[in-house]
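Chemist: Pasting the sequence and the predicted coordinates here, then a few questions.
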Amino acid sequence: MSKVASLEQLKTLPKIELHAHLSGSVRYSTILRLLNEELASDYHETSDEKLKSEIQLMEELKSKPTTNCTSHRSLTECFQIFTILHRLLSNLNILEQVTNEILHDFQSDNCVYLELRTTPRNIFDSKTGELKVSKEQYLKTVVNVIESFEKENLMKVRLILSVDRAKGLQDGLENVELAKKFKSKHVIGIDFSGNPHVDSFQNYESLFQLCDSYELKTTVHIAEIWEDKDVDFILKKIRPDRIGHSVCLTKEQIDYLIRNPIPIEICPTSNLVTKCVDVIENHPFYEFYTKKDTYPLVICTDDFGIFDTSLSREYSLISTAFNLSFKEMFDLSRRSIKCIFDQSNELVSFLEMVFNEFEKKNFE
Ligand SMILES: CNc1ncnc2c1ncn2[C@@H]1O[C@H](COP(=O)(O)O)[C@@H](O)[C@H]1O
């Protein structure tokens, strides 16, 4: 018998988001608006031709919605969009605007706690090569938006800094040092991400050790592609606090994780659109969920802008594919509290209160 929860119900559910990349969470409509504004401005560094082709690409993608999961974007296409986004977000006013918009988008979807992640970038003048914006200025801009947001809103926000595997060890080291410096300023951990076809995390072992010594929590993207050679190294040697995606796993690796759990950030639409899985019913989520009902699994969006989704929609995909009821989705969402990086008493008590109140109102 079907007991699937409706999207409308799932929108009302308090939710926790632990895997959301800042640049990937900019809405298509916002990217298109920013590109058109740049084209219409009197002075712009990017040529009209390039801007027009970027607008065309974004319009094409917008017309191929991911909602029916038949539209695919290869990881390579996703990384092309990130290049556009990184140029647009080189302007600190725009970075501020979009960060604020992202926080409000999560809150309107009833997200009560968000761990947003981003890769701090040095931004150089394209003509003179001079440093225009330092990584620290980039980070301060994002932190300031979060601080102002929290003063006026209920949703709690923390920040994870990303190490991009395509940028090398030195760049990553700078981000870990920045995370240490901003630890009291909302930054709580490090994410190891970037194009999985480029470089290996085995070259970053010293950074994992540094994170440990600075007491920074870690999460690592693994098994987003079948050719990922880092999986055993990460699962057995590094043992981070969480892992992202973790889809393209062998049976042995799944069994190993079930015996030695590490919380998994599940990103359903992202995995479908980039063809990590052919249909959601084949997602290893269910194997973890059914083999061990307390396996720590957190439903996330990854890049809700690029994948044209929302946290509620990700919950809906899982509920529909695996016939999980509203109460089962509620329990899953509540269990995410155990996986958050900031385990301070104040925050955990706040989240427990929110979930207890919802339970009383809806299930008792
Ligand atoms: C689709 N799956 C994915 N796999 C791996 N890395 C990803 C990713 N989605 C996003 N990123 C990482 O996050 C950056 C964009 O956000 P920020 O500029 O840091 O805010 C990308 O450049 C990539 O390094």
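Modeler: The structure has been received and is ready for your questions. The structure presented is a predicted model; accordingly, all values stated were derived computationally and were not measured.

Chemist: what sits up against stretch 344-359?
Modeler: Defining contact as Cβ atoms under 8 Å, 6 or more residues apart in numbering, one finds that stretch 344-359 is touched by 13-14, 16, 112-113, 156, 330, 333-334, 337, 340. The way it works is simple: take the backbone N, C-alpha and C, and place the C-beta from them, glycine included.

Chemist: among those residues, which two are most distant?
Modeler: Farthest pair in the contacts of stretch 344-359 (Cβ to Cβ) is Lys156 and Phe330. Separation: 19.1 Å.

Chemist: Now Leu22: phi and psi?
Modeler: Dihedral pair for Leu22: phi -60, psi -60, per degrees, to the nearest 10.

Chemist: In contact with it, which residues?
Modeler: For Leu22, counting by Cβ under 8 Å, 6+ apart, the contacting residues are 98-99, 102, 116-118, 142.

Chemist: Could you export these as CSV, including distance to the ligand?
Modeler: Below are the contacts of Leu22 laid out as CSV (distance: Cβ to the nearest ligand atom, whole Å):
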residue, distance to the ligand
Val98, 10
Thr99, 10
Ile102, 10
Leu116, 8
Arg117, 6
Thr118, 4
Val142, 9
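
Chemist: still on that earlier bit, ok, the contacts of stretch 344-359 vs Asn282, which is closest?
Modeler: Nearest to Asn282 out of the contacts of stretch 344-359 is Ser333 (Cβ to Cβ; 23.0 Å).

Chemist: For Thr218, pull up the helix or strand it's in.
Modeler: Secondary structure from DSSP states H and E places Thr218 in strand 217-222.

Chemist: Adjacent strands (with direction) for that strand?
Modeler: Sheet pairing of strand 217-222 (DSSP bridges) gives strand 187-193 (parallel), strand 242-245 (parallel).

Chemist: quick check, that strand touching the ligand?
Modeler: Yes: using Cβ under 6 Å from any ligand atom, strand 217-222 reaches the ligand at His221.

Chemist: Next, the buried residues of the least confident helix or strand in the chain by mean pLDDT.
Modeler: Ranked by mean pLDDT, DSSP states H and E, the weakest helix or strand in the chain is helix 75-88, scoring a mean of 86. Buried residues in helix 75-88, counted by 16 or more other Cβ atoms under 10 Å: 75, 78, 81-82, 84-85, 87-88.

Chemist: Stretch 152-160 too?
Modeler: Across stretch 152-160, burial judged by 16+ other Cβ under 10 Å covers 155-160.

Chemist: One more: stretch 294-312?
Modeler: Residues 295-312 are the ones in stretch 294-312 that count as buried (16+ other Cβ under 10 Å).

Chemist: near the ligand, which residues of the stretch 1-150 of the chain show up?
Modeler: 21-24, 78, 82, 118-119.

Chemist: got the buried residues of stretch 152-160 as a markdown table, with distance to the ligand columns?
Modeler: A markdown table is the format used below for these (distance: Cβ to the nearest ligand atom, whole Å):
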| residue | distance to the ligand |
| --- | --- |
| Met155 | 19 |
| Lys156 | 19 |
| Val157 | 14 |
| Arg158 | 15 |
| Leu159 | 11 |
| Ile160 | 10 |
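
Chemist: so which of the strands paired with strand 217-222 comes closest to the ligand?
Modeler: Of all these, strand 187-193 sits nearest to the ligand, with 3.7 Å by Cβ to the nearest ligand atom.
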